[in-house]
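Visitor: predicted model follows, preceded by the sequence.
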Amino acid sequence: MDEFDVIWHTEPSLDDPVLVEGLPGVGHVGKLAADHLVDEFETEHVATVYSEHFPPQVTVEDGVSKLASAEFHAVDADGTDLLVLTGDQQAGDGPGHYRLTTTFLDVAEECGCETAYALGGVPTGELIEEYGVVGAVSEASLVGPLEDAGVEFRDDEPAGGVVGVSGLILGLGGRRGFEAACLMGETSGYLVDPKSARAVLDVLCAKLGFEVDYESLDERADEMEEVMEKMQEMQQQSAQTPDDDLRYIG
């Protein structure tokens, strides 16, 4: 296999499309949001990207393997054309992140994208009741319109900057002329966070002018709430267990 294999499945006819990236990261926020867009709207599988920079593994479902890859889907979001990038992996090395992102931007340019939104999460280290969305942009002129859509820009966040493909879409995309923004939902960072993904999608919908049904995402959020409640119960029970009751073998 070459360093990159881009397999085109169709040549989409898109009107002023917007690149939306959602690869795995903190809380799986970006991936949940991107996958939800693909699931909820009429879509067309545009291209698959394989690379030796992905981890050396396959996913297995019902005994059938699938080589690590990233996928582009053309999404008709009620008249707004999106080119959604999603997948199960990011690159396993620094140079790979740069080269993969360059390849992703090449595909986006070929499809006519000039605007890009990278979706992700920003960890808080604690449970959240009201989910905010933190932003970063490729140029200062993009700040005001995003603030109007509910995005917060903070001097000290995200701490350490934006890493991975999301960060490089800002950096490399900005150098290539993309108007690029990263929308990061606040998340504890402990578990997959559908509520944070919904907060990010709320902003994206407000900015691009479309609506999406959240029923399936809300159902997943309810499931995660049950998991969190069970974890909290186990922690409380552990804290209430007297030391004298502990037994060890050895």
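Guide: Yep, it's here.
Visitor: please count neighbours and contacts with C-alpha atoms only from this point.
Guide: Will do.
Visitor: state the pLDDT value of residue 229.
Guide: pLDDT recorded at residue 229 is 73.
Visitor: ok, it - contacts?
Guide: If you count contacts by CA atoms under 8 Å, 6 or more residues apart in numbering, residue 229 has none.
Visitor: distance from the helix or strand where it lies to the middle of the chain?
Guide: According to DSSP states H and E, residue 229 maps onto helix 215-240. The chain centre lies 23 Å from the centre of helix 215-240; the measure is CA atoms, centre = their mean, to the nearest Å.
Visitor: got it, and stretch 104-117?
Guide: 17 Å.
Visitor: what's the average pLDDT for it?
Guide: Rounded mean pLDDT across stretch 104-117 is 98.
Visitor: buried residues, the lowest-mean-pLDDT helix or strand in the chain. List them.
Guide: In the chain, the helix or strand scored least confidently by mean pLDDT, DSSP states H and E is helix 215-240, which has a mean of 79. Using 16 or more other CA atoms under 10 Å as the test for burial, helix 215-240 gives 217, 220-221, 224.
Visitor: do the same with stretch 60-75
Guide: 68-75.
Visitor: what residue is smack in the middle of the chain?
Guide: Nearest to the geometric centre of the chain sits residue 30, at 1.6 Å (CA atoms, centre = their mean).
Visitor: tell me which two in the buried residues of helix 215-240 are the farthest apart.
Guide: 217 and 224 (10.6 Å; CA to CA).
Visitor: for residue 26, state which of the buried residues of stretch 60-75 is nearest.
Guide: Among the buried residues of stretch 60-75, and counting by CA to CA, the member closest to residue 26 is residue 70, at 17.8 Å.
Visitor: residues contacting that closest one?
Guide: 48-50, 85-89.
Visitor: now, those residues that are in strands?
Guide: Within the contacts of residue 70, residues falling in strands by DSSP state E are 48-50, 85-87.
Visitor: isn't the residue nearest to the centre of the chain right up against residue 197?
Guide: Yes. In this structure residue 30 lies within contact range of residue 197 using CA atoms under 8 Å: 6.5 Å.
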